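**Student:** Return atomic coordinates for the entry below.
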Amino acid sequence: LTQFYYDYGPYISVKDYYSSRRASVTYLVPKKVEDNSGGCILCGTKLILADGSLADETQLKEKDMLLSEKLMPSEYSGEIIFNNHVLFLYSINNDEPFMSLDHMILTIDGYKCPMPQQALKINNKIKVSKLKIGDIVIKHIQQPDGSIKEEMVKVEKINIAENNKLCYDIHISDGYKSYT
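**Tutor:** Numbers count the residues shown, from 1 in each chain. Now for the predicted structure:
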């Protein structure tokens, strides 16, 4: 859930946003943002590329192939949106919070997050429900040899923390519209 949403609603054109007085999100590549975005993650968070390597937002290049949560390749469009209005972040178990509360994660029962009603406003094409203690998350772990191992992780606790750091979201131009 972001201050941006409270201020402007779920959708706003880039032109309208930049003409507002509170514009503080840097929109680096002026392309249409599709409504299949899945929430923001903390800057510096590493994503798994299709070749098994890791990259954060500063290392991604247009046409890089990311690994989706279904272990399918997804092409990065070169479009990244920075957002400093993400008020809270979450994580599970012993991870430090790094995802916005509307960022969906895949469980054995489908997509879940702490604020499914907000996630549905961002993307109403995916069924999402509330993440709870006891859910089983499908987590991808990079192994020392660079391979990716899928692990089933039981949610023992959900960590929610206030945030004052920059977050980002990326756009997928081709392939499965999510990333791990």
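**Student:** What separation do you get for the closest residue to residue 92 other than its chain neighbours and residue 98?
**Tutor:** Leaving aside its sequence neighbours, residue 92 sits nearest to residue 155 (Cβ to Cβ, 6 or more residues apart in numbering; 5.0 Å). Just so you know, the C-beta spots here come from the backbone N, C-alpha and C atoms, and that holds for glycine as well. Separation of residue 155 from residue 98 (Cβ to Cβ, to the nearest Å): 15 Å.
**Student:** Which one's more surrounded, these two?
**Tutor:** It is residue 98, of residue 155 and residue 98, that has more neighbours when counted by other Cβ atoms under 10 Å, with 21 against 17.
**Student:** close enough to count as contact, the more buried one and residue 86?
**Tutor:** No. With contact defined as Cβ atoms under 8 Å, residue 98 does not count as touching residue 86 (10.4 Å).
**Student:** Grab the longest strand from the chain for me.
**Tutor:** The longest strand of the chain (DSSP state E) is strand 73-83.
**Student:** Past that one, which element shows up next along the chain?
**Tutor:** As assigned by DSSP states H and E, the chain's next helix or strand after strand 73-83 is strand 88-92.
**Student:** That next one: partners in the sheet, and parallel or antiparallel?
**Tutor:** The strands that strand 88-92 pairs with in its sheet are strand 99-100 (antiparallel), strand 158-162 (antiparallel) (by DSSP bridges).
**Student:** any residues touching it, and which ones?
**Tutor:** Where contact means Cβ atoms under 8 Å, 6 or more residues apart in numbering, the residues beyond strand 88-92 that reach it are 1, 42, 97-101, 103, 105, 113-114, 131, 137, 153, 155-163, 167.
**Student:** show me what contacts the residue nearest to residue 62 when sequence neighbours are not counted?
**Tutor:** Nearest residue to residue 62 in three dimensions, chain neighbours excluded: residue 78, at 3.1 Å (Cβ to Cβ, 6+ apart). For residue 78, the contacting residues are 29, 61, 62, 63, 173, by Cβ under 8 Å, 6+ apart.
**Student:** that older thread, quick one: the residue nearest to residue 92 and residue 90, what's the gap?
**Tutor:** Distance from residue 155 to residue 90, counting by Cβ to Cβ: 11 Å.
**Student:** where's residue 92 relative to residue 80, distance?
**Tutor:** 25 Å.
**Student:** Residue 70 too?
**Tutor:** Distance, residue 70 to residue 80, using Cβ to Cβ: 22 Å.
**Student:** Who has more neighbours out of these two?
**Tutor:** Neighbours were counted for residue 70 and for residue 80 using other Cβ under 10 Å; residue 80 has more, 17 against 11.
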